[in-house]
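> heads up, no residue letters with this:
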């Protein structure tokens, strides 16, 4: 059995893919390699896998896969589509809500807190480009136990200035942390 190769030609004018099948079978069939390539190419019609096939001298046939053709069509449409390049209508206008996680308002802020905002924003943008109607929600954690502790800590700090000693040691500790963090922030 002769060795059959399918490869990408060095010169793009020779197609995206080429095979030596006609050259390898010409001796066994006693048909000119180019004529064999033309006969084979004539019987391969475009389908989901191959867009088109052409015979090429001395006895190759070159073909363009459908996926490459589709990618080329998309890529050549890039200059005309600008910022809308790659948009699809998978979502068909269905509504989606993306909730962003907020930074803890009672603690120190650091770079790691941006992760939720960046990922949430990116996800919302991708969903919008996919045809979904996106509502973005960024929740501020300004209620609940943490805010109550924050309030008590600030109150304890205030009371320390106005009274000799706050009643609750935990509230004093939170107050000291808040005071130091605020002082460092002002110094920066």
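Cool, the structure landed. Only a predicted model underlies this, so the values are computations on that prediction, with no experimental measurement involved.

> run a quick neighbour tally on residue 117.
14 (other C-beta atoms under 10 Å). Any C-beta I mention is one placed from the backbone N, CA and C, and that applies to glycine too.

> ok, it touching residue 99?
No: the criterion here is C-beta atoms under 8 Å, and residue 117 misses it with residue 99 at 11.4 Å.

> can you pull the residues that touch both of these two?
In terms of C-beta atoms under 8 Å, 6 or more residues apart in numbering, residue 117 and residue 99 are both contacted by the residues residue 138.

> what comes into contact with stretch 35-42?
Outside stretch 35-42, the residues within contact range by C-beta under 8 Å, 6+ apart are 21-22, 25-26, 29, 31, 53-56, 59-61.

> ok, residue 60 to residue 122 distance?
Distance, residue 60 to residue 122, by C-beta to C-beta, to the nearest Å: 45 Å.

> now flag whichever of the contacts of stretch 35-42 is closest to residue 7.
Closest approach to residue 7 among the contacts of stretch 35-42 (C-beta to C-beta): residue 60, at 10.1 Å.

> is the residue lying closest to the closest one once chain neighbours are set aside in a helix, a strand, or coil?
Of all residues beyond its chain neighbours, the one nearest residue 60 is residue 18 (4.8 Å), with distances taken as C-beta to C-beta, 6 or more residues apart in numbering. Under DSSP: H, G, I helix; E, B strand; the rest coil, residue 18 falls in the strand class.

> tell me the pLDDT of residue 18.
Per-residue confidence (pLDDT) for residue 18: 80.

> correct me, but it touches residue 62?
Yes: Residue 18 is within contact range of residue 62, at 4.4 Å (criterion: C-beta under 8 Å).

> which residues are in contact with each of the two?
Common neighbours of residue 18 and residue 62 (C-beta under 8 Å, 6+ apart) are 9, 56.

> and this protein, what are its domains?
6-69, 87-138, 145-187 (automatic domain parsing).

> state the mean pLDDT of stretch 177-188.
The average pLDDT for stretch 177-188 rounds to 68.

> same question for stretch 42-49.
So the average pLDDT for stretch 42-49 ends up being 76.
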